[in-house]
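1. no FASTA, just this:
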């Protein structure tokens, strides 16, 4: 796997998104099931606008995808990006 290409494609954005504890909590929620923004907001003591901002950062980093179904937008983890990050981290250990 060409890690330089993957890193160029968004590791910086992904790690920046993962650095925030609220976004890590959202990932914990989404690993169980896809959820609407409203369902995610219910789990936090912050405004919908704040959660939307976090979701936008996560989407731009490739960590989540969204799918509009009727009047709702469902958010889901993008496991391929998380798997690429984990594979890269594992490769660091292997190259000793």
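-> Done, it's in. On a predicted model such as this, the values are computed, not experimentally measured, just so you know.

2. how far does stretch 74-88 sit from the chain's center?
-> 7 Å (Cα atoms, centre = their mean, to the nearest Å).

3. ignore the last one, stretch 17-37
-> Offset of stretch 17-37 from its chain centre (Cα atoms, centre = their mean): 7 Å.

4. do stretch 73-83 as well
-> 6 Å.

5. what about the chain, any weak spots by pLDDT?
-> By pLDDT under 70, the weakly predicted segments of the chain are 1-10, 95-96.

6. what's near enough to touch residue 16?
-> Shown in contact with residue 16 (Cβ atoms under 8 Å, 6 or more residues apart in numbering): 57, 61. No exception for glycine: its C-beta is placed from N, CA and C like everyone else's.

7. Next one: it from residue 23, what distance?
-> For residue 16, the distance to residue 23 equals 9 Å [Cβ to Cβ, to the nearest Å].

8. unless I'm mixing things up, residue 29 is touching residue 35, no?
-> Yes. Applying Cβ atoms under 8 Å, one finds residue 29 in contact with residue 35, separated by 6.2 Å.

9. These two: which has the busier surroundings?
-> The neighbour count for residue 29 versus residue 35, taken as other Cβ atoms under 10 Å, is higher for residue 35 (19 against 16).

10. What's opposite the more buried one in the beta bridge?
-> residue 75 (DSSP bridges).

11. doesn't residue 75 make contact with it?
-> Yes. In this structure residue 35 lies within contact range of residue 75 using Cβ under 8 Å: 5.9 Å.

12. now the strands for the protein?
-> In the chain, the strands defined using DSSP state E lie at 35-36, 64-69, 72-77.

13. Reformat the ones you listed as CSV; add distance to residue 49.
-> Shown next, in CSV, are the strands of the chain (distance: least, Cβ to Cβ, whole Å):
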stretch, distance to residue 49
strand 35-36, 15
strand 64-69, 16
strand 72-77, 15
